[in-house]
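Participant: I'd like to go over a predicted model; first the sequence, then the structure.
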Amino acid sequence: MNFRKRKIPEINSTSSADIAFLLLVFFLVTSSFDAKTGIYRKMMPPETENAQKQKTDIQQKNLLALAIDADNHILYNDEAIAVNQIRELGKTFITGSDIPKHTIALEVNRDARYQTYLSVISELTAAYNELRNEAAYTDFNHSFLYLTPEQKDSIRTAYPMHIAETESPVEQEGGRS
């Protein structure tokens, strides 16, 4: 008796890679990403030589300097303040300064937690939003969200957002330069 081994049929897998690629493309195209995550900031264009020559010095009364140190302390005039004080401090500063020329300078240490930075930026943005909303109710009897684009522009001109963010200088160790 001659026994032959049966040959096991193979599965043709030549199109498996194509199918996997098509599925990947399908899911990428049909899925949606949350675009509202993060902080929306309009970056300044690169400065030209003329713009650097025309730079004006910011007067001390029009500058609010805040800092976040490596220990996540928020400093104002070298004194620690709480996050919940920033909104009122910002509103008081913005309304008390020469509004078109004011600047809020935020210096952040590289070792500070991102959550601390995000909390400070959120409070400063909330201060601007509250002032803009109050102005919208005063001028147009509506919330800022329901104004026309022209009305929003006039409110933004009245309360422009000037937040300058910088990184703290890195401290040198062991006398290196």
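Facilitator: Thanks, I have the structure now. Numbers count the residues shown, from 1 in each chain.
Participant: okay, CA-based contacts and neighbour counts for the rest of this
Facilitator: OK.
Participant: The lowest-mean-pLDDT helix or strand in the chain: what's the following helix or strand?
Facilitator: Lowest mean confidence among the helices and strands of the chain (mean pLDDT, DSSP states H and E): helix 49-53, at a mean of 52. The helix or strand immediately downstream of helix 49-53 is strand 63-68, counting by DSSP states H and E.
Participant: Which positions in the lengthiest helix in the chain come out as buried?
Facilitator: Using DSSP state H to define each element, the chain has its longest helix at helix 114-140. Neighbour-count burial for helix 114-140 flags 116-117, 120-121, 123-124, 126-129, 131-136 (criterion: 16 or more other CA atoms under 10 Å).
Participant: A helix includes Phe27, no?
Facilitator: Yes. Checked against DSSP: H, G, I helix; E, B strand; the rest coil, Phe27 lies within a helix.
Participant: And it, how close does it get to Ala65?
Facilitator: Using CA to CA, to the nearest Å, one gets 47 Å for the distance from Phe27 to Ala65.
Participant: of these two, who's got more company?
Facilitator: Neighbours were counted for Phe27 and for Ala65 using other CA atoms under 10 Å; Ala65 has more, 16 against 10.
Participant: hang on, the earlier thing: let me know the closest of the buried residues of helix 114-140 to Glu107.
Facilitator: Top of the list for closeness to Glu107, among the buried residues of helix 114-140 and by CA to CA, is Tyr117 at 9.8 Å.
Participant: hang on, that closest one packs against Val108?
Facilitator: Yes. If you go by CA atoms under 8 Å, Tyr117 and Val108 touch, sitting 7.4 Å apart.
Participant: what do these two both touch?
Facilitator: Ile68 (CA atoms under 8 Å, 6 or more residues apart in numbering).
Participant: Low-confidence regions, the chain specifically.
Facilitator: Applying pLDDT under 70 to the chain flags the ranges 1-2, 34-59, 97-100, 169-177.
Participant: try 80
Facilitator: 1-9, 11-14, 32-62, 97-101, 168-177 (pLDDT under 80).
Participant: just how off-centre is stretch 62-76 within its chain?
Facilitator: Here the centre of stretch 62-76 is set off from its chain's centre by 17 Å, with CA atoms, centre = their mean, to the nearest Å.
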